[in-house]
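Chemist: sequence unknown, structure follows:
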């Protein structure tokens, strides 16, 4: 248990350091670290997920995509299991955004269970954020489009965790 707790705390500290200069797109420009922390809270607190590897990966899920962190660095610091889940949920930022979004849908169904859990928590957190404090420049149509795209991703991971899927459905019901 101590090892699991240490893994999670080390992942949280690493994510906080790597995201320290990043802000969310909400009107308040909240600190980015709030997002990975929300994923961990959704998984552990609301979903009852106790797998430290999955929770650590949730905390680190945007580090490769949004910071200078490499997969190799995650392997060295957190092991191949955590790094593997992060890699599964990382978009290739070299691709155009529409292609990245389509690939998320395509790859979601073949992802590992750990990656599916991180995807579920990510989409739950994002829908909550869009409902509560959307990016200032997002009109109703863009918010609705995001909700619909998120549903297509989650439809490909269904069956991995019914309680989290129900939480997603409850957030999706608030679609603008």
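Modeler: Structure received. These figures come from a predicted structure and were not determined experimentally.
Chemist: only C-alpha atoms for contact and neighbour calcs from this point on.
Modeler: Fine.
Chemist: ok, the residue nearest in space to the middle of the chain to residue 3 distance?
Modeler: Per C-alpha atoms, centre = their mean, the C-alpha nearest to the average position across the chain is that of residue 122, at 3.1 Å. Distance, residue 122 to residue 3, using C-alpha to C-alpha, to the nearest Å: 25 Å.
Chemist: re earlier: give me the mean pLDDT for the helix or strand where the residue nearest to the centre of the chain lies.
Modeler: Per DSSP states H and E: residue 122 is located in helix 113-132. The pLDDT scores in helix 113-132 average 97.
Chemist: that one packs against which elements?
Modeler: With contacts taken as 3 or more C-alpha pairs under 8 Å, 6 or more residues apart in numbering; DSSP states H and E, helix 113-132 sits against helix 34-41, helix 52-60, helix 80-88, helix 140-155, helix 162-172.
Chemist: could I get those helices as a markdown table with mean pLDDT and mean neighbour count?
Modeler: Listed next are these as a markdown table, based on pLDDT from 0 to 100; neighbours: other C-alpha atoms under 10 Å:
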| stretch | mean pLDDT | mean neighbour count |
| --- | --- | --- |
| helix 34-41 | 98 | 22 |
| helix 52-60 | 98 | 28 |
| helix 80-88 | 98 | 21 |
| helix 140-155 | 98 | 17 |
| helix 162-172 | 98 | 17 |
